[in-house]
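A.B. asks: Model the following, please.
(2 chains)
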Amino acid sequence: MAPNFITEIIERDLEAGRYPQIVTRFPPEPNGYLHLGHTFASFLDFQTAVQYGGRYHLRMDDTNPEGESEEFAQGIQDDLKWMGWEWGEHLYYASDNFERYYEYAVKLIRLGKAYVDSVSGDEMARLRGTVSEAGTPSPYRERPVEENLDLFARMRAGEFLEGAHVLRAKIDLASANMKLRDPVLYRILRADHYRAGTAWCIYPMYDFQHPLQDALEGVTHSMCSLEFVDNRAIYDWLMETLGFSPRPHQYEFGRRSLEYTIVSKRKLRLLVNEGHVSGWDDPRMPTLRAQRRLGVTPEAVRAFAAQIGVSRTNRTVDLAVYENAVRGDLNHRAPRVMAVLEPLPVTLSGLDSERVLSVPYYPHDVVQASSDGLVPLPGGQRVPPEQAVRGVPLGTELYIEQDDFSADPPKGFKRLTLGGTVRLRGAGIIRADRFDVGADGNVTRVYATLLGEEAKAGGVIHWVSAAHALPAEFRLYDRLFSVPNPERTEASTDDLPEPEEDAAPMDAAFLRHLNPNSLRVTRGYVEGSVAADPADTRYQFERQGYFWRDPVGSREDALVFGRIITLKDAWAGNAGEATKAEPRRPKAEAKAGPQPTPHAPQPTALTPEQAAEAARLSALGVSDADARTLARDPELLAFINMAATDSTLAQVASWTVNDLAAAIKGDRARVQPADLAPLAALLAAGKVTSRVARDTLARAAESGEAPAAIIEREGLSARLDPAELARAIAETVAANPDKVEAYRGGKVGLMGFFTGQVMRATGGKADPQAVAQGLKAALEG
RNA sequence: AGGGAUAUGGUGUAAUGGCAGCACAACAGAUUUUGGAUCUGUUAGUUUAGGUUCGAAUCCUAGUAUCCCUGCCA
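C.D. replies: Prediction:
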């Protein structure tokens, strides 16, 4: 896991000793299968814990019985284990803690922080208000504690119909954060739970259950995706109200989606239910089990997860990153064999007798790159390269790929042409002498001659011996969707607001983008050596791609090979299989909507009072821009109004706006306005540099000490001896000979670096202009 | 409309006031018994406008764009 904003927080927490070790959790709801999107989240949760010597938990977030099942819970565990994760005893089910959640709810009621509400759902939504209007209290909001306790107990006892009552937190109906307007904690739901059975008819909501479960497990860093940012307020409220300490904290990261794929559970289900794919494990699906059946290795998936970065923005990752991870993994583990996917018969002359060639499983570069000098056989056993060979029979009847012969070759064609030569991988060079054509005009057979070793050929093609090869079916998978963002309904600009019919018909628009060629099936031949290999061997069929036997469809007497991924194909753009994606649209076009209109920098309008205020400040010497900014902000204005109105005001105003504003608004600025004038005077008199002044100001803002006192105490106003500056410059130059050379070589951007070094060496006391002059002289002299 | 989050090459991500870097992609060359792999090189970026500073991707002000929030889902 590359360093990111979360590891930064963890390192800080560890350093501060806030937790003895970190604990994370991955909390899927068992109502579907894991997909590539989950890979990122689980990797972030688990790998981060591993990296910092902590512990990770797997938790089934099974608090809503609808849609959840043991099958999914098991499937999720299988997939995660396949990925190589081991949580040991730290497998948790939220449903195991229903009793404890209940107790905490009772505690909240006793604290007067929760109440049973009895309005209808519609009514509650109405009372919640809108984003711009505060909510209004339900008539039941002030129910006495005893009545709440009684009602809540009877809810649990099953005395009420679904929807009759809910338990709500009593937080703030006027909050701008809608999540805080008395969120529902429990609802009545008469549903069988796949684990708890009929024991409960009330179920806790995510916002209540999740923080509690984190705390109960001892989780320290609870990571979730960005859409839960607003929910964090409830999280913190619960932790504080219930007094958990030490307590977990929630951190949000941006989701990662992948080009050409969808991850919406509903949409995936639609693909399965409508038969667009053969099931959840159809190799074209983004689910982990599908990728597993496809033949992708867990190592490749992990490498992918490790490569995509972590940030606080939702992003769509280039499919090539995933493909690159898959290829990179297979390149070093897949023995090369030959298979002809679309056969063209070749009759060979010049071959005295049938023979068996010994052909290496790996090209020289894979051997070279091997760290131990060994290389894996199909069974996985690592052997010296000389032993990594198989016998390949060569007879007079062969098959080559239809694409590898052209009677009318395009420019740059490097394969077999009439009268031309090509190398048969491992067998020698042949020349095509003539060919037969079928009724439809297609080439049906090529007659070729095997030449001696002195012959030359520009290209290499793969082949199999017709008499020895095994017939096989090949399933050639391609991306399921033909556009990078199938989930985005790109028609959304033309269709109007769209009368939303509940969540109902679901924009099946994404189905339009289904790639009709996502599965192509061919029949051909594979070299006989594979018959002896383990069924889960992943191969590279030379020049075609990585394949393995389909774990579901392949039988010993009816081989089916599925293509895990193609090889990169630099030729495809010219001719080739042409399943390439259409060229990507430039950013400007891809971004829907009108271009931002260039507008003149228009100062925002001030109210008459603000305008008067700004004018008054301007008259006192404050710059217009600062004056306007100050006039618009009451807190800033209050601050500046306490400062001395003398010649220093302009400087003080500038500091207030540019350096102190955030602290003042956050009520963290402890420096006194009146203390600013002396500092400004020092600056104006040339006693301190502006660098020193600003540094001091920042410190004063935190400590509350008068800036001038800091300067006095630390002697910061002492003039810098020119000799000292010269020495600092000389030392800096001497310490960085390589940078000096680079600078003299034309990398003038390094001046900033040198300036920074000198400034630091002199504690900011050097006059920037003198530094610039001195450095220029030193570097160019 | 109110609140919140975010914005760096085509894509993803670093730089925590001082050299805009890395990976993938693309392109070019070398090499190659896979039009693969490998190696070398090139192209290309700080959302906009102002301001502070010797110096701004970073700090300040105001815009713009995108996403999230008004479930008894998670």
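
A.B. asks: Could you list the low-confidence segments of the stretch 451-600 of chain A?
C.D. replies: Low-confidence segments of the stretch 451-600 of chain A (pLDDT under 70): A:489-507, A:573-600.

A.B. asks: Now the lengthiest strand in chain A: buried residues?
C.D. replies: For chain A, the strand reaching the highest residue count under DSSP state E is reported as strand A:428-437. Along strand A:428-437, the positions that meet the burial threshold by neighbour count (16 or more other C-beta atoms under 10 Å) are A:428-432, A:435. Where C-beta positions appear, they are placed from N, C-alpha and C, glycine not excepted.

A.B. asks: for that strand, packing partners?
C.D. replies: Judged by 3 or more C-beta pairs under 8 Å, 6 or more residues apart in numbering; DSSP states H and E, strand A:428-437 is in contact with strand A:416-417, strand A:421-424, strand A:443-450.

A.B. asks: hey, C-alpha coordinates of the helix or strand encompassing A:Val652 in CSV?
C.D. replies: Secondary-structure element containing A:Val652, defined by DSSP states H and E: helix A:649-655. The C-alpha coordinates for helix A:649-655 follow below in CSV (Å, rounded to 0.1, in the frame of the first residue of the first chain):
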residue,chain,number,x,y,z
LEU,A,649,-3.2,49.3,9.5
ALA,A,650,-2.7,48.3,5.8
GLN,A,651,-0.1,45.7,6.8
VAL,A,652,-2.2,44.4,9.7
ALA,A,653,-5.2,44.2,7.4
SER,A,654,-3.1,42.2,4.8
TRP,A,655,-2.0,39.8,7.5
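
A.B. asks: Show the average pLDDT along it.
C.D. replies: Per-residue pLDDT over helix A:649-655 has a mean of 95.

A.B. asks: just checking, what packs against that helix?
C.D. replies: helix A:624-632, helix A:634-640, helix A:676-684.

A.B. asks: Tabulate those (JSON lines), appending distance to A:Pro486, mean neighbour count and mean pLDDT.
C.D. replies: What follows is the helices and strands packed on helix A:649-655, written out as JSON lines (distance: least, C-beta to C-beta, whole Å; neighbours: other C-beta atoms under 10 Å; pLDDT from 0 to 100):
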{"stretch": "helix A:624-632", "distance to A:Pro486": "46", "mean neighbour count": "20", "mean pLDDT": "91"}
{"stretch": "helix A:634-640", "distance to A:Pro486": "48", "mean neighbour count": "18", "mean pLDDT": "90"}
{"stretch": "helix A:676-684", "distance to A:Pro486": "58", "mean neighbour count": "21", "mean pLDDT": "94"}
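
A.B. asks: for those helices, which one sits closest to A:Pro144?
C.D. replies: Across the helices and strands packed on helix A:649-655, A:Pro144 has its closest neighbour in helix A:634-640 (41.3 Å, C-beta to C-beta).

A.B. asks: still on that earlier bit, deepest in the core, which of the helices and strands packed on strand A:428-437 is it.
C.D. replies: Each of the helices and strands packed on strand A:428-437 was scored by mean neighbour count; the highest is strand A:416-417, a mean of 23, by mean count of other C-beta atoms under 10 Å.

A.B. asks: Who are the packing partners of that one?
C.D. replies: strand A:405-406, strand A:428-437.

A.B. asks: Give me the contact status of the lengthiest helix in chain A with RNA strand B.
C.D. replies: Assignment by DSSP state H gives helix A:36-51 as the longest helix of chain A. No: under the criterion of C-beta under 7 Å from any atom of the strand, helix A:36-51 makes no contact with RNA strand B; the nearest approach is 10.2 Å.

A.B. asks: Buried residues, that helix. List them.
C.D. replies: Taking 16+ other C-beta under 10 Å as the basis for neighbour counts, the residues of helix A:36-51 that come out buried are A:36-49.

A.B. asks: for the record, mean pLDDT for it?
C.D. replies: For helix A:36-51, the mean pLDDT works out to 96.

A.B. asks: hey, where'd the strands end up in the stretch 301-450 of chain A?
C.D. replies: With strands called from DSSP state E, counting those that start in this stretch, the stretch 301-450 of chain A shows them at A:315-317, A:336-337, A:339-340, A:343-349, A:355-360, A:375-376, A:382-383, A:389-394, A:397-401, A:405-406, A:416-417, A:421-424, A:428-437, A:443-450.

A.B. asks: picking that back up, ok, residues contacting the next helix or strand after the helix holding A:Val652?
C.D. replies: Scanning forward in sequence from helix A:649-655, with DSSP H and E defining helices and strands, the next element found is helix A:661-665. The set of residues that contact helix A:661-665 without belonging to it, under C-beta atoms under 8 Å, 6 or more residues apart in numbering, is A:629, A:633, A:635-636, A:639, A:656, A:669, A:701.

A.B. asks: mind redoing it with 7 Å?
C.D. replies: A:635-636, A:639, A:669, A:701 (C-beta atoms under 7 Å, 6 or more residues apart in numbering).

A.B. asks: and if you look at stretch A:189-196?
C.D. replies: The contact list for stretch A:189-196, computed with C-beta under 7 Å, 6+ apart, reads A:62, A:65-66, A:68-70, A:93, A:95, A:98, A:162, A:198, A:200-203.

A.B. asks: From those residues, which one has the minimum pLDDT?
C.D. replies: The lowest pLDDT within the contacts of stretch A:189-196 belongs to A:Glu66, with 94.

A.B. asks: Check which strands are paired with the strand or helix carrying A:Arg59 and give the direction for each one.
C.D. replies: Element membership for A:Arg59, per DSSP H and E: strand A:55-60. Strands flanking strand A:55-60 in the sheet, each with its direction: strand A:23-26 (parallel), strand A:91-93 (parallel) (DSSP bridges).

A.B. asks: could you point out which element follows it?
C.D. replies: Tracing the chain past strand A:55-60, the next element assigned as helix or strand by DSSP H and E is helix A:70-82.

A.B. asks: Give me the neighbour count for the residue lying closest to A:Tyr399 once chain neighbours are set aside.
C.D. replies: Taking C-beta to C-beta, 6 or more residues apart in numbering, and ignoring the residues beside it in sequence, A:Tyr399 has A:Pro343 as its nearest neighbour in space, at 3.9 Å. Other residues near A:Pro343 come to 21 when the count uses other C-beta atoms under 10 Å.

A.B. asks: gap between A:Pro343 and A:Thr421?
C.D. replies: If you measure A:Pro343 against A:Thr421 using C-beta to C-beta, to the nearest Å, the figure is 21 Å.
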